[in-house]
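K.L.:
Structure, please.
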Amino acid sequence: MRPLLRTTFASLENPNYRRYIGGQSISLIGTWMQTVAQSWLVLQLSGSGTAVGLVVALQTLPVLLLGPYGGVIADRVDKRRLMIGLQSMMGVLALVLGILTVTDVVTLWQVYLLAFLLGLNNTFENPARQSFILEMVGPDHLRNAVSLNSVMVNVARAVGPAVAGAIIAAGSTGICFILNGVSFAAVVVSLKRLDTSTLSPAPPSSRERGQLAAGFAYVRRTPELWVPLAMMAVVGCLAYEFQVVLPVVAKQTFSGNAETYGFMTGAMGVGAVLGGLWVAARGRTGLASMTNSSFAFTVVLLGAAIAPDLALELVALVLVGAVSVGFLSKGNSTLQLSSKPSMRGRVMALWAVAFLGSTPIGGPIAGAVSDGLGGRAGLVLAAGSCLVAGVLGLLVQRRLAGQDAAPAEALATT
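P.N.:
Got it, this is the predicted structure:
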């Protein structure tokens, strides 16, 4: 057991990573509280699942439009300083939304605007944060650190929505936003307390023309990069729209309330913690592993779609959470380990575009399907996207295997 625990939590031996993950864990609880509260607030103001999809789309639209440029900036500057500034601004935005809600003057257009500004911050913060992990822990512990980071995210997913559900049920939706705003102080302090002498930052890219195009060209000629990105784009577009689909499932399918939605999101978080710990200890990276996760994702989403009652739905969502975090962790690690240091920010920006930037397209679609055909249909749509991604990964694997086999056969005949 002791060697297994040492392997599972290997990256926590790094003092900088311990400080970083401690600050992030507090902030992410607040982030998940805001995620639940924002979706429920929009549903209250509009009564429409499509409106929930629209606010999610507005929050991720900047990533779609400017995400690759955010990667260029991440490759040029000190990532830690960039994160400190942007995390501080995100805290301010949360506090503004909280004050508007608590004072009962909040309107739908204000929620839309603040969601868009939050997405604009994420556009530049996300690639810096993703590639900064490697600078803290090094390549040997990267997969472990990414997996433990996913565990942390999903512990927060288990705690945050449950707390938010209770607060919203008490009639204090705005308090969720205020607590989230305060929580950003923890991550800012943790970043300032890092021992910068032990970091291994990538050499900053010089300011040159064509850096954005160079990033696209680099990805296009590297199958180890473009295939996982394409799979993530397909899955991210329609499968990771849980904040759009699950409120409709909670309210319409199971006649629940905000607390029901919180427990459903929390069930996914519990599963994701278990899945993340497994990946941290035993997980693999690479295209084959991502393909297997895509097919597993298809199966568990279909299980959630056909669950006849709330108890079985929660069990199914635990499995959904476990498989979903495995897919994300494997894809993230595969890309970082396959990227050149000078290109890593741009590659991870494209990962953010594939994961978050596809939501402006998929969010309204998932919302419209859930509104028109029910929440179960939204889950079936998610399962279909995972199936498409799995088939894509399988076909590319076979093609690459055939290309490798051809030279070997030629040598054998000579």
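K.L.:
and Arg221, what pLDDT?
P.N.:
Looking at Arg221, its pLDDT is 81.
K.L.:
count of neighbours near it?
P.N.:
Applying other Cβ atoms under 10 Å, we find 9 residues neighbouring Arg221. C-beta: built from backbone N, CA, C; applies to glycine.
K.L.:
wait, what's in contact with it?
P.N.:
Applying Cβ atoms under 8 Å, 6 or more residues apart in numbering to Arg221 gives no contacts.
K.L.:
now it: how far from Ala311?
P.N.:
Going from Arg221 to Ala311 by Cβ to Cβ, to the nearest Å gives 50 Å.
K.L.:
again, but for Val42
P.N.:
28 Å.
K.L.:
Please say which of these two ends up with more neighbours.
P.N.:
Val42 (23 against 9).
K.L.:
For that one, what is the enclosing helix or strand?
P.N.:
Element membership for Val42 (DSSP states H and E) is helix 15-46.
K.L.:
Which secondary structure elements does that helix sit against?
P.N.:
helix 49-76, helix 79-102, helix 108-137, helix 142-169, helix 173-192, helix 242-248, helix 258-282 (3 or more Cβ pairs under 8 Å, 6 or more residues apart in numbering; DSSP states H and E).
K.L.:
And those: which comes nearest Leu229?
P.N.:
Taking Cβ to Cβ, helix 49-76 is the member of the helices and strands packed on helix 15-46 nearest to Leu229, at 11.4 Å.
K.L.:
buried set for the closest one?
P.N.:
49-64, 66-76 (16 or more other Cβ atoms under 10 Å).
K.L.:
Equivalent analysis for stretch 336-356, please.
P.N.:
Burial within stretch 336-356, assessed by neighbour count using 16+ other Cβ under 10 Å, is assigned to 336-339, 341-356.
K.L.:
Show me where the stretch 251-400 of the chain dips below the pLDDT cut-off.
P.N.:
Low-confidence segments of the stretch 251-400 of the chain, defined by pLDDT under 70, span residues 280-284, 356-357, 359-360.
K.L.:
any chance you could map the strands in it?
P.N.:
With DSSP state E, counting those that start in this stretch, there are no strands along the stretch 251-400 of the chain.
K.L.:
now the helices: where do they sit in it?
P.N.:
Secondary structure of the stretch 251-400 of the chain (DSSP state H, counting those that start in this stretch): helices located at 258-282, 287-306, 310-338, 344-352, 359-373, 375-413.
K.L.:
which one of the ones you listed is the most hemmed in?
P.N.:
Counting by mean count of other Cβ atoms under 10 Å, helix 344-352 has the highest mean neighbour count of the helices of the stretch 251-400 of the chain, with a mean of 27.
K.L.:
Output that helix as PDB, restricted to C-alpha atoms.
P.N.:
The C-alpha trace of helix 344-352 is given here as PDB (Å, rounded to 0.1, in the frame of the first residue of the first chain):
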ATOM      1  CA  ARG A 344       3.500  24.300 -25.300                       C
ATOM      2  CA  GLY A 345       1.500  27.400 -24.500                       C
ATOM      3  CA  ARG A 346       0.000  27.500 -28.000                       C
ATOM      4  CA  VAL A 347      -0.800  23.800 -27.900                       C
ATOM      5  CA  MET A 348      -2.600  24.100 -24.600                       C
ATOM      6  CA  ALA A 349      -4.500  27.100 -25.800                       C
ATOM      7  CA  LEU A 350      -5.800  24.900 -28.600                       C
ATOM      8  CA  TRP A 351      -6.700  22.300 -26.000                       C
ATOM      9  CA  ALA A 352      -8.700  25.100 -24.200                       C
END
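K.L.:
What are the contacting residues of that helix?
P.N.:
With Cβ under 8 Å, 6+ apart as the criterion, helix 344-352 contacts 63, 67-75, 79, 122-123, 126-128, 130-131, 134, 202, 211-212, 215, 218-219, 225, 229, 232, 331-332, 335-336, 339.
K.L.:
and the helix or strand Cys237 falls within with helix 287-306, angle?
P.N.:
Per DSSP H and E, Cys237 falls inside helix 223-238. With axes from the mean of the first three to the mean of the last three Cα atoms, to 10 degrees applied, the angle from helix 223-238 to helix 287-306 works out at 10 degrees.
K.L.:
Which positions in helix 223-238 come out as buried?
P.N.:
223-229, 231-238.
K.L.:
what's the burial count for Leu43?
P.N.:
Neighbours of Leu43 (other Cβ under 10 Å): 20.
K.L.:
ok, the nearest residue to Ala145 once chain neighbours are set aside - contacts?
P.N.:
Leaving aside its chain neighbours, Ala145 sits nearest to Ser11 (3.9 Å; criterion: Cβ to Cβ, 6 or more residues apart in numbering). Neighbour list for Ser11: 17, 137, 141, 144-145, 148 [criterion: Cβ under 8 Å, 6+ apart].
K.L.:
Kindly reformat those as a markdown table containing pLDDT.
P.N.:
Output for the contacts of Ser11, formatted as a markdown table (pLDDT from 0 to 100):
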| residue | pLDDT |
| --- | --- |
| Tyr17 | 87 |
| Val137 | 82 |
| His141 | 76 |
| Asn144 | 75 |
| Ala145 | 79 |
| Leu148 | 77 |
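K.L.:
Just put the residues you listed in CSV and tack on distance to Ser293 and neighbour count.
P.N.:
CSV is the format used below for these (distance: Cβ to Cβ, whole Å; neighbours: other Cβ atoms under 10 Å):
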residue, distance to Ser293, neighbour count
Tyr17, 25, 21
Val137, 23, 23
His141, 21, 19
Asn144, 17, 23
Ala145, 19, 25
Leu148, 18, 25
